[in-house]
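K.L.:
here are the coordinates; sequence isn't available:
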């Protein structure tokens, strides 16, 4: 079985356009939450802030004439992928292009184009609808456009499993390389749902924080005062490569993906299962796949959305799986969503990338805004300031509506 390593990372996030700007902002504990500028979020909206990607010019990454064909989430994905491929210095033979594929997880798709075209249709009729509308809207066109751009003729499709989407995409990409069916896979996630219907819809579910007077303080995972998540947007792409190929070409290896697991709560459309039962199964499967014991994990990038029940159930699940190391502070846990908000379908890929950076640099991101820890979440959440530590193995969780769960284990590559 082939081993799988990360050789390239590309990030477009609310904290920065590019991997290093994002990483530097994250380890500095800077919140990206601010008043919404992508549309007029007036007083009718219960939540009027989000974590938007700022300073992004798609024409730096995509031909100007093509940009009009694409929804925002696709432009994010193409930009993140360009960064990742360039950073990996990835060159493919024509024979390899027949095998190399692309999996990009997307939770919602081109929501802003759906809204815009619906208004256009009602106001001016069907003759004004662009032929690019449907290809800009559907989730699989992030992977499709990446495949077209780079001539990747292997498998190309979209995993849509709510906030676990891109974690599932990475997990399945790992399986294609492990089995020898692909020497390289491009895997990641993309999302852009900061739109009127996106914000109104999540607000109607009472899922979003309503801390409009202090947006930068709103995402506060595991804090007693949390009142919901902050919507984010962006994309993350990883170049995954067989270890043998990466070593032959002398590629820089960020980390090895040693295991992953998935499960379903089979319980409720939005609420996590009691005691985090589904999360427990996903984490244990990931550890078994990685052939690691619970005490081998040094750090967990938590799903940690800042919702009242979600954080409690994840804390319980981590305590169940990891026992004493979790409760005595040996195991560190943090939520990078405290700074970048919840990137929905893109969250799993972006957070896996941050875990790879943590392994590579020996720096653990903090959980900011953790001022009054919830006693029902009794773990060491690396409050407010990054820490340094040699990381051997880390784990990242992604959970989604419908009770879908995915866990990925990344490990330091030892030659």
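P.N.:
Done, it's in. In this text, all values refer to a predicted model and were calculated from it rather than measured experimentally. Numbers count the residues shown, from 1 in each chain.

K.L.:
switch to C-alpha atoms for all contacts and neighbour counts from now on
P.N.:
Will do.

K.L.:
Centre of the chain to the longest helix belonging to the chain, how far?
P.N.:
Determined from DSSP state H, the single longest helix within the chain is helix 72-88. What separates the centre of helix 72-88 from the centre of its chain is 14 Å, taken as CA atoms, centre = their mean, to the nearest Å.

K.L.:
which other helices and strands contact it?
P.N.:
strand 4-13, helix 141-150, strand 184-191, strand 234-242 (3 or more CA pairs under 8 Å, 6 or more residues apart in numbering; DSSP states H and E).

K.L.:
Quick one: closest of the ones you listed to residue 124.
P.N.:
With distances scored as CA to CA, the stretch of these nearest to residue 124 is helix 141-150 (26.7 Å).

K.L.:
what comes up buried for that closest one?
P.N.:
In terms of neighbour count (16 or more other CA atoms under 10 Å), helix 141-150 has its buried residues at 141-147.

K.L.:
same deal with stretch 179-193?
P.N.:
Counting neighbours by 16+ other CA under 10 Å, stretch 179-193 gives 182-193 as buried.

K.L.:
go on, stretch 109-116?
P.N.:
Applying a neighbour-count criterion of 16+ other CA under 10 Å, one finds 109-114 buried in stretch 109-116.

K.L.:
Burial check on residue 78, number of neighbours?
P.N.:
Using other CA atoms under 10 Å, residue 78 is surrounded by 26 other residues.

K.L.:
Same check on residue 55?
P.N.:
Counted with other CA under 10 Å, the neighbours of residue 55 add up to 9.

K.L.:
same thing with residue 128?
P.N.:
Residue crowding around residue 128 was assessed by other CA under 10 Å; the count is 11.

K.L.:
Now do the nearest residue to residue 85 once chain neighbours are set aside against residue 387, distance only.
P.N.:
Take residue 85 and drop its neighbours on the chain: the residue closest to it by CA to CA, 6 or more residues apart in numbering is residue 8, 6.2 Å away. Separation of residue 8 from residue 387 (CA to CA, to the nearest Å): 24 Å.

K.L.:
Comparing those two, which residue is more hemmed in?
P.N.:
Neighbours of residue 8 and residue 387, each counted by other CA under 10 Å, are more numerous for residue 8; the result is 28 against 14.

K.L.:
Next up, the contacts around the more buried one.
P.N.:
Residue 8 is in contact with 84-88, 238-240, 254, counting by CA atoms under 8 Å, 6 or more residues apart in numbering.

K.L.:
Kindly recompute the last result at 7 Å.
P.N.:
With contacts defined as CA atoms under 7 Å, 6 or more residues apart in numbering, residue 8 is in contact with 84-85, 87-88, 238-239.

K.L.:
Could you check how far it is from residue 140?
P.N.:
Shown here: residue 8 relative to residue 140, a distance of 22 Å by CA to CA.

K.L.:
I'd like to know how far residue 231 sits from residue 381.
P.N.:
Residue 231 sits at a distance of 21 Å from residue 381 (criterion: CA to CA).

K.L.:
do the same with residue 273
P.N.:
22 Å.

K.L.:
returning to that earlier point: write down the beta-bridge partners of the residue nearest to residue 85, one by one.
P.N.:
residue 239 (DSSP bridges).

K.L.:
and the gap between it and residue 89?
P.N.:
If you go by CA to CA, the gap between residue 8 and residue 89 works out to 8 Å.

K.L.:
likewise residue 33?
P.N.:
Distance from residue 33 to residue 89, counting by CA to CA: 33 Å.

K.L.:
go on, residue 72?
P.N.:
From residue 72 over to residue 89 the distance is 26 Å, taken as CA to CA.
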